[in-house]
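[1] Based on what follows, work out the 3D shape:
(chains A, B, C and D, ligands or ions: 6)
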Amino acid sequence: MAENAKLTKSEQIVVKFAGDSGDGMQLIGNQLTALAALDGNDVNSLPDYPSEIRAPSGTIAGVSGFQMCLGDHKIYTAGDHPDVLVAFNPAAVKHSSKDVKPGGMIITNSDSFTEKALEKVGYEGNPLEDGTLKGYDVKAIPMFTLVREALADMDMPNAAKDRCKNFFTMGVLCWLFNKEQQLVLDFIDEKFGAKAKKPLAQVAEANTRAFKAGLNYGETTIMFQERFDLGAAQIEKGLYRNITGNDASALAIAAAGYKSGLQPFIGSYPITPATDLLHYASEFKDLGLVTMQMEDEIAGICTAVGAACAGNLAFTTTSGPGLALKTEAAGMALILEVPLVIVNVQRGGPCTGLPTKTEQSDLLQAMFGRNGDSYMPIIAALSPADCFDATYQGAKIALKYRTPVIVLTDGYIGQGSCPWKVPTMDELEDLTPYVNFWKPEDHPGETYQPYKRDPETLARDWAIPGTKGVQHRIGTLEKDALTGAVSHDPMNHQIMTETRKAKVDNLAAVLPEAEINGAESGKVLVISWGGTFGAVKGAVDRLIEEGKSVSGINLRWVWPFPPNLGDLISRFDKILVPELNMGQLSVLLRAKFLVDVQSLSKVQGDPFREYEVIDKVNEMLGE
Amino acid sequence: MAENAKLTKSEQIVVKFAGDSGDGMQLIGNQLTALAALDGNDVNSLPDYPSEIRAPSGTIAGVSGFQMCLGDHKIYTAGDHPDVLVAFNPAAVKHSSKDVKPGGMIITNSDSFTEKALEKVGYEGNPLEDGTLKGYDVKAIPMFTLVREALADMDMPNAAKDRCKNFFTMGVLCWLFNKEQQLVLDFIDEKFGAKAKKPLAQVAEANTRAFKAGLNYGETTIMFQERFDLGAAQIEKGLYRNITGNDASALAIAAAGYKSGLQPFIGSYPITPATDLLHYASEFKDLGLVTMQMEDEIAGICTAVGAACAGNLAFTTTSGPGLALKTEAAGMALILEVPLVIVNVQRGGPCTGLPTKTEQSDLLQAMFGRNGDSYMPIIAALSPADCFDATYQGAKIALKYRTPVIVLTDGYIGQGSCPWKVPTMDELEDLTPYVNFWKPEDHPGETYQPYKRDPETLARDWAIPGTKGVQHRIGTLEKDALTGAVSHDPMNHQIMTETRKAKVDNLAAVLPEAEINGAESGKVLVISWGGTFGAVKGAVDRLIEEGKSVSGINLRWVWPFPPNLGDLISRFDKILVPELNMGQLSVLLRAKFLVDVQSLSKVQGDPFREYEVIDKVNEMLGE
Amino acid sequence: MADTQLNKKDFASDAEVKWCPGCGDFAIMNAVRSGMVAAGKPRDEVAIVSGIGCSSRFPYYMETYGFHTIHGRAAAVASGVKVANPKLDVWVVSGDGDSTAIGGNHFIHAIRRNINLNYVMINNKIYGLTKGQYSPTSEMGQYSKTSPYGVIDYPMIPLVAAMGVGATFIARGLDSIMKLSTEICERGAKHHGFSMMEIYANCVIYNDGAHKALSSKEEGPNNRIIVRHGEKMIFGTEDQFCLVQDGFGIKKATVADVAEGDILVHDEKDADMATVLAGMRPDADLPLALGIIYADDSKKTYDDMVYEQIDCVKSKLGRTMDQLLQEGHTWNV
Amino acid sequence: MADTQLNKKDFASDAEVKWCPGCGDFAIMNAVRSGMVAAGKPRDEVAIVSGIGCSSRFPYYMETYGFHTIHGRAAAVASGVKVANPKLDVWVVSGDGDSTAIGGNHFIHAIRRNINLNYVMINNKIYGLTKGQYSPTSEMGQYSKTSPYGVIDYPMIPLVAAMGVGATFIARGLDSIMKLSTEICERGAKHHGFSMMEIYANCVIYNDGAHKALSSKEEGPNNRIIVRHGEKMIFGTEDQFCLVQDGFGIKKATVADVAEGDILVHDEKDADMATVLAGMRPDADLPLALGIIYADDSKKTYDDMVYEQIDCVKSKLGRTMDQLLQEGHTWNV
Ligand SMILES: Cc1ncc(C[n+]2csc(CCOP(=O)(O)OP(=O)(O)O)c2C)c(N)n1
Ligand SMILES: Cc1ncc(C[n+]2csc(CCOP(=O)(O)OP(=O)(O)O)c2C)c(N)n1
Ligand code: SF4
Ligand code: SF4
Ligand SMILES: [Mg+2]
Ligand SMILES: [Mg+2]
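    Ligands and ions are numbered 1, 2, ... in the order given. Now for the predicted structure:
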């Protein structure tokens, strides 16, 4: 029968999983991501889970979601509206069905539509039967029944069997999306089979059977009239791995340590959504990465500053409220002029706000949230995979300029995942040239002056404790521009303040120019930064395809701005900045370029959808 | 002989005292201030002391200064170059003589010009004799000799006698500036005489004699060819008192408590230059002001938030690095929407920076130094006396809008002093209308909703613990726009974020319009804020006198801007913003009005001088 | 409802309790409600302040005034609430991380000041809300998300730390011994001064079984002792063990082996003994002490002293606001 | 200069010392220099970290590496320095305010972790640099700029607090007993673990005479006891007083009145006794304990454990960076 189902060539498919938080939506999502990626598709995903540890099961508040977009071309967002929704219970149906594309498919576990479950979410009747879901292509599958049947002869409690419904679903999807089943079988084997860390033979067997049952179900029932067939994406050749932004940052920290020859050091305190970074990095002890989980955020950054002073490559990781606590100590790194990378995974604010939701509202805090005039470079990661590069670049600039650097990511890219082309250590830029500790033997006849500077980078001459014969004292009071001794001299303070600013400003000259997507001039320029990159890129691509006079720019370094930005901006009639905040980059752009930037603000704990950007641009184009 | 000295009518005289830190420069400065003020002059002063507790005596680093301007009209700054420098030792001469007006007078204690003292500051010869001070009118007075002589029959150690040189000097000055001697005698009596807290008869006697000796010295020697005679200033009638900004803020806190009917509460932690505020306020226990000196700044603001939650009128006081630590908790007050006034006495930054020097570099921190989108009103005091009004207004707005408010002062106005017209409690605005706690008896039949708002101010309905029957729970997670219950609803977050912003934005409409000093349009508009008011006002007045097309505006509320500001700005060709920072208000003005504001930056721990502003304006005028 | 008739249920708000099924916090919530009943204040004169953490969701579930503040600062906020409005019955509920990690400073200083707060520290030896990192109370070697190879920090013993800064009341409970937790909360509620109540809780998700050695039916009684003022310190499944003094410390003995008079009798007013008791740990072959270990009502509270001082200065100086404004050197123009 | 020949003067930098004449910090600086000599490290392998305060100006005056950081955070910064570069001899110098007020949290956690730092807390019971506000160690009733009617906070006793979080070395000195301070710094320098050295100092400007009862020739010896391991605890101008055990506590007695065997002998390895000794206060008719009160080298330091764990994981897993990057589920395109 399978052969009867039409195999439709698709360019991209948007799939969403929804179910109870405890039900492993993220897991199944990641499995499909891997499956698609292994098959050569590009993938972008967006998890969405409640802020409670365990919101009551079966309730709307307890629904976890995981949306993803698979494509035969570069995919920049998790897509707007799902083509396929896999909703494991009535709550998930109620929660997510309204987002599905008209006519889209809803796959659900009809066994979970018990009267009690329906009642819990306020369904009067059964939506699978009473027309509630009219207009959708509903596939109601009795998953528990089918799985229990497939595992009938296995000695397992029913609850354990029911848990295999996820692999059953994978089977259905594998068939539906025309994927290679061997990949999933390998995966089960790796995870539970003999080679696994904790082999669980029975689980492996059960999941294998459930998976195959799913495959067969797709093939042999007449439920599916259509299959999707995605071609492979034109992505760069190489070794790939699916990775979250937080994991990518963690790896970059280890890698930057390795490539600089310095011991990498993280001083931190757990905070959602930055904790995963610390979790993963804590596993790298064998690579000599020191992680100190401190008593609070202030101690986190202070140990990192201490480690930097002692010559380690120092990092501190946090999210908004934690960054707020680190401000005074960030100023310490700034005035001591030691390298320090602050990775801030933004979340919904203000205050505790929406810890599990994404937002980009720490930009102005990163810019200005310190006493005194205190500028620092800010780099923003644009995707989960890009967190590696952004963190690595942050470390490089911190070392080269002896400055704290802020790396901004956000809950969406920090916790979301996408395929990442794994670099080899050989390919990564060598960071040792930027370390150049001052040692007397390299400067015969010279006296060490802690605040003597490289004329180009303005990085100060840096000697670390343990270096023979150049013991010296520095501190957080204003310092003499050469000796670093405490100075209350008025003109010295003016010079030092200007120098600290110049150091960051000058960085602009050596940063890569902003690249433009589209024509170099036109009606509307859309500027993205950080996590808005994907939606803006997708939207601008589509608008260009439609022949609209629209271009896009992404800001990687948010401060300082790339040198050509002003020029590019001046060539467009209108400038649009979509941001997951109340217009923070807009403030910086307006102040710098005196241009009437329009801000598209969204603070709903959710990234932009392409259509939101497209609609706004069309409005600006007067269409 | 005194009668031989010419009595010159002066409009204003700039006097500077300089001497060892331990030598009481601030004290003598304040005495002359009081003396002049009592005599009807207007006075403005500027202390300037080293950051060490006790910098080594006799060194340049240890010199304390106190500059003041006395005038027969409203005086806005401590003046540019001193007409008269009183320098008590060689270090002080070396430190301060270069600032003196060409031909100006330098009064000094020639007894202190010992070989050792000269050597200590690197004078090769004696500057009083070797022509170093050519071009100045040097009055070298053997003060120790004269004072010891005057006190010859008193049983005191010489060191104690020498200390009376300050009142000797007061005598000389009293004569020189043609002041009423009785005022000083009363002062000595009040301070040391029978009515004093700790009467010290001998000290009173010695100082009285030294003072008279000084008076006589002026009258009977031929040293002075000229005396200055200042008329009384045209200042408002009333009871006056000399006051520092910090003391004025402390009084405003007590007064606002009284006029609102709430218990005033300060949660704080000492930090220079904000400590005096806490010192003075700690004395007000009899007026029911509760001060809690907490273990750190975070605890300081957190107890204040707690006190606010419990229905007190809550304040926290600090300076830059302390504000940096309070950011997360400031966000708590913001999202809880409780009134809280944060008084921040700015100092030189970044980090520990220049604790004893003034700067205005916390503006952007005050604006943006919090995670998430979190706007607060910011008011800036423009003079020591104005700290009273600014703090009082801050409290009013905090209460009325249920919002944290930041009051910015700085080291200069916080520690500097000027005459203050003491208001009576009756004159002060009644704050009780803004308290209106929600009580069931006032709202029969209504259910209390913590986040229901006043449609005009957007202030939420506020019930405090202890109120019968309306117990409820609120927190720092995003809250439902009506009930205040935790809400993760995307659109609710959008609404709440916009509402919090609107609350602050709307305030603009009810704030006083910005008043313009000079013509309503023209070539250059100079915008001052906070402590730059004086220099800008003085400079603009002078430029207008000279017929230049220049006007001035002072921003009292720095955020939001007064409603007419944009319009006023648009009527000038060029805009100048002098700031004691790297251009922070400029960033806000540029972003808001897209106007190419020019920034006159000074970060030298010192306020602007009028001439600096005048020179810059002339440059902009092309002159 | 007349105030006197309040019972536990009256303190339950109608918000849905969102802890994981099986979480130890449920039992503690029950105990605290009993404490509030015991305190005898009407619900609208009770305020609960919490920080951030699973445990800190507490206020939402209580029909009183409640403030769910920021991480680690509950003690400071509550100090403000209490001093600002001393007639309120102020409770703090906070996790081990909230109290001893980020909140460590406010915690020790609130104890030092002896502010009249009822402080419930729910100790599950893990950061629950952020999904399982070790905390300052986690055990050496404990595995967690941030200690995949084992914790290398020595654990803090909150009650010993509390004694170290002058606590006037310390008690320890266990989620699974409901009666004792209730007793502790009732006594704590009535103690005039800072009542430090540590209650061990099981985090079923991230640190399940952390207190098993204490709570298990078989071994628990051998690993813990419930101390009661005036009673001999005897414990064990068959009351076979007892505590005896050993220099300035305490050691475990077998009842059969010691003279009856040598068995220690608990004196809840003995601060030195309390410090030693609070520090006993099964891994040093001593039972963990549960119950009211120290209770001394004789020290004045900070909040009382604030108002005593105000009254005293009022009666001495008693200036009016106008007098204050006009103090010092004034002149008329 | 050969490392072995270093003497105290070698540790003096050429910066002008800017404390007030008569400030107690001078003497302490001297003692610390002796400690550094004793530690035997060359000057370029010594780092001193301080916070903010008069006392925190310390590093500038020492010919070593020095970091004058921010208020209250010295312990955290120093922890980073030590863990990042364990071969350094790392000292912290911090005031009572810096350590116990704003820095309280880092202070207790550094002690808890037993990081191998030499921590000198200069306790003048006042905030000197900010010109005279009371600190957490100020006495009840003390007048200061922020307590014009007297302090109403109970004082913290830093050494007791330190014991409360598991200190492995505590000692107390007095600026005016130079020999003792030197002895303390020398022992502290050599202690493997966190060496908590509290030295009382006189702030001549803002709290002059705060320690007079201890330092005065006449009364001092009656108000203090210098404890020495293995020696009987006898004190007083004429050695007329002694200490005897009293339950879990200690009481003062007259030598003449007690049996010799009842006089307590100091045991620097007895943590319980140390806690009681550290808490003795003249206002409770007990002498203030000076000297090395507790010293136990048996607990591993945090910094040692960091590298032990790294070595252990290295030998177990020992991945290369490329292996790490490529771990998990990978595929080739
Ligand atoms: C400033 C700040 N830092 C970190 C966090 C993240 N955070 C929230 S709760 C928590 C720890 C919770 O542990 P605990 O206090 O023991 O409470 P539990 O969840 O175990 O009851 C952390 C680290 C935060 N919300 N705010
Ligand atoms: C964040 C911050 N808060 C407050 C201050 C102000 N401050 C500097 S030192 C100090 C206290 C000093 O007291 P202590 O540590 O006892 O040192 P001492 O001067 O007495 O030696 C304070 C409150 C500061 N510099 N930074
Ligand atoms: S995660 Fe742990 S502490 Fe949090 S609610 Fe669940 S069981 Fe309780
Ligand atoms: S103020 Fe006090 S602590 Fe500071 S230097 Fe002077 S005497 Fe020493
Ligand atoms: Mg916990
Ligand atoms: Mg001190």
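[2] Tell me the spacing between C:Val151 and B:Asp426.
    Separation of C:Val151 from B:Asp426 (CB to CB, to the nearest Å): 64 Å. In this view, the C-beta of every residue, glycine as well, is placed from N, C-alpha and C.
[3] Of those two, which one has the most company?
    Ranked by neighbour count (other CB atoms under 10 Å in any protein chain shown), C:Val151 and B:Asp426 place C:Val151 first, with 23 against 8.
[4] any idea which helix or strand carries the more buried one?
    Element membership for C:Val151 (DSSP states H and E) is empty, with no helix or strand holding it.
[5] low-confidence ranges in the stretch 501-623 of chain A?
    Flagging of the stretch 501-623 of chain A using pLDDT under 70 yields an empty set of residue ranges.
[6] what helix or strand does the residue of it found nearest ligand 1 sit in?
    Of all residues in the stretch 501-623 of chain A, A:Gly605 sits closest to ligand 1, at 16.1 Å by CB to the nearest ligand atom. A:Gly605 is part of no helix or strand, with elements assigned from DSSP H and E.
[7] The helix or strand of chain A with the lowest mean pLDDT pairs with which strands, and in what direction?
    Within chain A, no helix or strand scores below strand A:6-10, which has a mean of 77 by mean pLDDT, DSSP states H and E. In the sheet, strand A:6-10 lines up against strand A:226-230 (parallel) (DSSP bridges).
[8] which of the residues in whichever helix or strand comes after the partner strand are buried?
    Per DSSP H and E, the first helix or strand lying C-terminal to strand A:226-230 is strand A:239-244. When burial is assessed from 16 or more other CB atoms under 10 Å in any protein chain shown, strand A:239-244 yields the following buried residues: A:Tyr240, A:Arg241, A:Asn242, A:Ile243, A:Thr244.
[9] Need these in a markdown table (columns: distance to B:Phe187 and pLDDT).
    Output for the buried residues of strand A:239-244, formatted as a markdown table (distance: CB to CB, whole Å; pLDDT from 0 to 100):
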| residue | distance to B:Phe187 | pLDDT |
| --- | --- | --- |
| A:Tyr240 | 84 | 92 |
| A:Arg241 | 81 | 91 |
| A:Asn242 | 80 | 89 |
| A:Ile243 | 76 | 93 |
| A:Thr244 | 72 | 93 |
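[10] Now distance to ligand 6 too, for these, in a markdown table please.
    Output for the buried residues of strand A:239-244, formatted as a markdown table (distance: CB to the ion, whole Å):
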| residue | distance to ligand 6 |
| --- | --- |
| A:Tyr240 | 59 |
| A:Arg241 | 54 |
| A:Asn242 | 55 |
| A:Ile243 | 50 |
| A:Thr244 | 47 |
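[11] Okay, the residue of the stretch 301-450 of chain A found nearest chain D and D:Thr301: tell me how far apart.
    Of all residues in the stretch 301-450 of chain A, the one sitting closest to chain D is A:Gly306 (2.5 Å; CB to the nearest CB). Plainly put, A:Gly306 is 16 Å away from D:Thr301 if you go by CB to CB.
[12] quick one: which of these two has more around it?
    Neighbour tally, A:Gly306 and D:Thr301, criterion other CB under 10 Å: the higher count belongs to A:Gly306, 35 against 21.
[13] Wait, a helix at that one?
    Yes: checked against DSSP: H, G, I helix; E, B strand; the rest coil, A:Gly306 lies within a helix.
[14] Let's see the pLDDT reported for it.
    pLDDT for A:Gly306: 98.
[15] Surely it touches D:Ala74?
    No: with contact defined as CB atoms under 8 Å, A:Gly306 does not reach D:Ala74; the gap is 9.3 Å.
[16] Show me whatever sits in contact with both of the two.
    Shared contacts of A:Gly306 and D:Ala74, defined by CB atoms under 8 Å, 6 or more residues apart in numbering or on different chains, comprise D:Val49.
[17] Distance of the closest residue to the residue of the stretch 301-450 of chain A closest to chain D other than its chain neighbours relative to C:Gly53?
    Nearest residue to A:Gly306, sequence neighbours excluded (CB to CB, 6 or more residues apart in numbering or on different chains): D:Gly80, at 2.5 Å. Counting by CB to CB, the separation of D:Gly80 from C:Gly53 is 26 Å.
[18] neighbour-wise, which of the two wins?
    Between D:Gly80 and C:Gly53, counted using other CB under 10 Å, the more crowded position is D:Gly80 (33 against 27).
[19] so who does the closest residue to ligand 6 within the stretch 151-300 of chain C touch?
    In the stretch 151-300 of chain C, the residue that lies nearest ligand 6 is C:Val165 (18.1 Å; CB to the ion). Taking CB under 8 Å, 6+ apart, we find C:Val165 in contact with C:Ile108, C:His109, C:Ile111, C:Arg112, D:Met156, D:Val160, D:Ala161, D:Gly164.
[20] Please apply the same query to A:Leu334.
    A:Arg370, A:Ser374, A:Met376, A:Thr403, A:Pro404, A:Arg500, B:Pro350, B:Cys351.
[21] Skipping its backbone neighbours, what lies nearest C:Asn222 in space?
    Counting by CB to CB, 6+ apart, C:Asn222 lies nearest to C:Gly236, which is 5.2 Å off, once chain neighbours are set aside.
[22] Count the residues that sit near that neighbour.
    Neighbour count of C:Gly236, defined by other CB under 10 Å: 17.
[23] Up against chain D, what does the stretch 51-200 of chain C have?
    The stretch 51-200 of chain C comes close to chain D at residues C:102, C:104-105, C:108-109, C:112-114, C:136, C:149-150, C:152-157, C:160-166, as judged by CB under 8 Å from any CB of the partner chain.
[24] What ranges does the stretch 101-250 of chain C have for its helices?
    C:104-113, C:158-164, C:178-190, C:212-215, C:220-223 (DSSP state H, counting those that start in this stretch).
[25] ignore the last one, the stretch 51-200 of chain A
    A:90-96, A:115-120, A:143-150, A:158-163, A:165-176, A:181-192.
[26] Does the fifth one reach chain D?
    Put plainly, it is helix A:165-176. No: judged by CB under 8 Å from any CB, helix A:165-176 stays clear of chain D, getting no closer than 14.3 Å.
[27] that older thread, ok, residues contacting the least confident helix or strand of chain A?
    By CB under 8 Å, 6+ apart, the residues outside strand A:6-10 that reach it are A:Asp72, A:Asn178, A:Gln225, A:Glu226, A:Arg227, A:Phe228, A:Asp229, A:Leu230, A:Gly231.
[28] and if we set it to 10 Å?
    With contact meaning CB atoms under 10 Å, 6 or more residues apart in numbering or on different chains, strand A:6-10 is reached by A:70-72, A:83, A:177-178, A:224-231.
[29] Out of the residues you listed, flag the one nearest to C:Leu264.
    Of all the contacts of strand A:6-10, A:Leu70 has the smallest distance to C:Leu264: 70.0 Å, by CB to CB.
[30] and that closest one, how many residues sit next to it?
    A:Leu70 is flanked by 29 other residues according to other CB under 10 Å.
[31] Tell me both backbone torsions, phi and psi, for the residue nearest to A:Ser521 when sequence neighbours are not counted.
    In this structure, A:Ser521 finds its nearest non-sequential neighbour in A:Arg571, 3.6 Å apart by CB to CB, 6+ apart. When read as degrees, to the nearest 10, the backbone of A:Arg571 gives phi -90, psi 10.
[32] hang on, the earlier thing: give me the nearest residue to the residue of the stretch 501-623 of chain A closest to ligand 1, chain neighbours excluded.
    A:Lys357 (2.9 Å).
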